[in-house]
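Student: attaching a predicted model along with its sequence, questions to come.
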Amino acid sequence: MIGHIITEHQLTNEMDDADVMVLNTCTFIDSATEETIENLYDLKDWKEYNPRRKIIVAGCYVEEMKEKILEEYPFIDGILNTGAISKINKLINSLQETPTKIFEERKMNLIEQDYRVLATPAHYAYLKIGDGCNHGCSFCKIPSLRGGTYFKAPQDILAEAKILAAQGVKEIILIAQDITSYSYNKTYDLADLLKDLENTEKIEWIRLLYLYPDNINKRLIKTIKDSKKIVKYIDMPIQHISDKILSKMNRKSSKQRIIDVINLIRKELPEAKLRTTVIVGFPGEDENDFAELNSFIDQTKFDHLGVFAYSDQKNTVSFKLKGKLEEQTKEKRAKMIIKTQKSISKKLNKSYIGQELEILVDNMNGGRRYFDAPEIDGFVFIENIQPKDIGQFKTVKIKKALQYDLIGELT
């Protein structure tokens with residue numbers, strides 16, 4: 001949207017200088033919805049100071065609320081659904097006294113993405129290859145908000161990668177709700193796309209986010225193994241390990257399938273680092289289910305792990321399930337998983353003391369190893385960094401290990 005906007009309008013970092021504010025919303029979990037609503041009322045106050053100001057709301061909250069959003073928040077001047085991103089200028093230019101809305105098919109949000117302004121540092125960028133999801137996990141609102149799975153054409157993905165590379169991007173991070181489902185014309189899959197992306201000049205790291213366990217196969221692993229650019233970093237949200245809870249979550253995976261995939265990865269890609277995400281406190285999760293999960297995490301020793309306490313969401317199957325747990329119980333279990341992972345992380349980090357690691361420098365504080373996704377995983381603080389080092393690959397000798405991060409110096 002920013003890329004489109006700057007072709008006709010001027011951006012400002014100061015709210016007081018703006019004539020139009022665009023709020024791109026999330027409503028995936030309760031905390032995201034609360035943040036969206038809070039920001040809406042901040043914008044209401046901003047507009048009341050000068051009635052000529054205009055407010056546009058886009059994103060998933062628009063998809064969820066549809067027409068009701070204008071009834072609920074009459075101070076909004078325009079709404080844009082997730083398929084109408086490329087129509088942002090049309091909406092801005094057509095704002096009148098009465099609210100304006102533009103709705104397009106959701107798949108339209110994957111076109112005209114060569115209008116890019118990086119909201120990240122100049123050396124890395126996210127490249128969206130698909131949207132929506134067909135998995136139907138019982139806790140997830142994505143299918144109702146974003147629709148079923150659809151993907152961007154490979155030629156468009158490759159063209160966007162070249163545009164990013166020409167802008168100085170060195171690391172491309174492929175994202176979708178599940179990139180392992182990528183398919184185009186039924187004959188071209190993620191492995192094919194990765195082989196083609198490998199040929200993009202000036203791109204040095206290709207990172208894959210959100211790999212659904214059941215779709216990780218030997219061909220994909222071999223493609224990663226043979227690649228000189230795809231980082232050996234497997235982000236595979238398992239959500240749980242108890243077969244009972246996996247079934248309630250409507251996950252296609254089983255405990256044995258998850259174990260088999262992890263064993264395959266570690267056999268074929270011994271240098272690969274694993275990241276996962278789990279949900280605790282799902283309806284019906286008893287002490288045995290939780291103990292099974294905690295024990296599995298302790299034994300498997302993921303390099304990175306995120307944990308969420310189950311969040312009850314309307315318009316999901318799990319919202320109607322029996323056996324809801326108290327918030328206190330869910331939070332207690334989340335803290336126990338965090339405690340387990342902290343111990344694992346500290347021990348893993350200590351093993352890097354004295355080693356020299358290749359680090360992509362993000363800012364004047366430091367940077368990341370190949371198995372650290374931006375703003376998600378660990379960080380390497382570098383003591384003797386220089387401004388010219390930002391965006392460069394540097395060799396760093398590790399001196400100290402923290403809970404999740406490292407401290408080192410340039411060699």
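Tutor: It's in.
Student: the stretch 151-300 of the chain: helices as residue ranges?
Tutor: 154-166, 190-197, 218-226, 243-248, 255-268, 287-300 (DSSP state H, counting those that start in this stretch).
Student: in stretch 155-172, what counts as buried?
Tutor: Using 16 or more other CB atoms under 10 Å as the test for burial, stretch 155-172 gives 156-158, 160-165, 169-172. (Glycine included, C-beta is placed from N, CA and C.)
Student: before we move on, back to that, include distance to Asn81 and mean pLDDT when you put the helices of the stretch 151-300 of the chain into a markdown table, please.
Tutor: Shown next, in a markdown table, are the helices of the stretch 151-300 of the chain (distance: least, CB to CB, whole Å; pLDDT from 0 to 100):
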| stretch | distance to Asn81 | mean pLDDT |
| --- | --- | --- |
| helix 154-166 | 21 | 94 |
| helix 190-197 | 27 | 97 |
| helix 218-226 | 33 | 97 |
| helix 243-248 | 31 | 98 |
| helix 255-268 | 35 | 97 |
| helix 287-300 | 37 | 98 |
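Student: the ones you listed: which one's closest to Ala32?
Tutor: Between Ala32 and these, the shortest separation by CB to CB is 23.0 Å, and it involves helix 243-248.
Student: just the CA trace of the closest one, in CSV.
Tutor: Provided in CSV are the C-alpha atoms of helix 243-248 (Å, rounded to 0.1, in the frame of the first residue of the first chain):
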residue,chain,number,x,y,z
ASP,A,243,-2.4,-36.9,19.5
LYS,A,244,-5.6,-36.2,21.4
ILE,A,245,-5.1,-32.4,21.3
LEU,A,246,-3.8,-32.5,17.7
SER,A,247,-7.0,-34.2,16.7
LYS,A,248,-9.1,-31.6,18.6
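Student: which strands or helices does that helix pack on?
Tutor: In terms of contacts (3 or more CB pairs under 8 Å, 6 or more residues apart in numbering; DSSP states H and E), helix 243-248 is packed against helix 287-300.
Student: if we go to 10 Å?
Tutor: Where contact means 3 or more CB pairs under 10 Å, 6 or more residues apart in numbering; DSSP states H and E, helix 243-248 is packed against helix 255-268, helix 287-300.
Student: if we can go back for a sec, need the helices of the stretch 151-300 of the chain in CSV (columns: distance to Asp77).
Tutor: Putting the helices of the stretch 151-300 of the chain into CSV (distance: least, CB to CB, whole Å) gives the following:
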stretch, distance to Asp77
helix 154-166, 31
helix 190-197, 40
helix 218-226, 46
helix 243-248, 43
helix 255-268, 48
helix 287-300, 47
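Student: of these, which is nearest Lys394?
Tutor: When those are compared by CB to CB, helix 154-166 sits nearest Lys394, at 20.4 Å.
Student: next, the angle helix 190-197 makes with the closest one.
Tutor: 40 degrees (axes from the mean of the first three to the mean of the last three CA atoms, to 10 degrees).
Student: roughly how far is helix 154-166 from the heart of the chain?
Tutor: Centre-to-centre, helix 154-166 and its host chain are 20 Å apart (CA atoms, centre = their mean, to the nearest Å).
Student: packing partners for the lowest-mean-pLDDT helix or strand in the chain?
Tutor: Least confident helix or strand of the chain, by mean pLDDT, DSSP states H and E, is helix 142-146 with a mean of 89. For helix 142-146, the elements it packs on are helix 60-65, strand 130-131, judged by 3+ CB pairs under 10 Å, 6+ apart.
Student: buried deepest among these, which one?
Tutor: Among these, strand 130-131 has the highest mean neighbour count (mean count of other CB atoms under 10 Å), at a mean of 24.
Student: which single one of the buried residues of stretch 155-172 is nearest to Lys335?
Tutor: The nearest member of the buried residues of stretch 155-172 to Lys335, counting by CB to CB, is Glu171 at 32.9 Å.
Student: that closest one contacts Leu208, correct?
Tutor: No. Glu171 is beyond contact range of Leu208, at 11.8 Å (criterion: CB atoms under 10 Å).
Student: shared neighbours, these two?
Tutor: Residues touching both Glu171 and Leu208 (CB atoms under 10 Å, 6 or more residues apart in numbering): 231, 373.
Student: sec struct for Thr395, please.
Tutor: Assigned by DSSP: H, G, I helix; E, B strand; the rest coil, the conformation of Thr395 is strand.
Student: run through the residues that contact it.
Tutor: By CB under 10 Å, 6+ apart, the contact set of Thr395 is 356-359, 408, 410-411.
Student: does Gly78 touch Ala58 like I think?
Tutor: Yes. Using CB under 10 Å, Gly78 makes contact with Ala58 at a distance of 8.9 Å.
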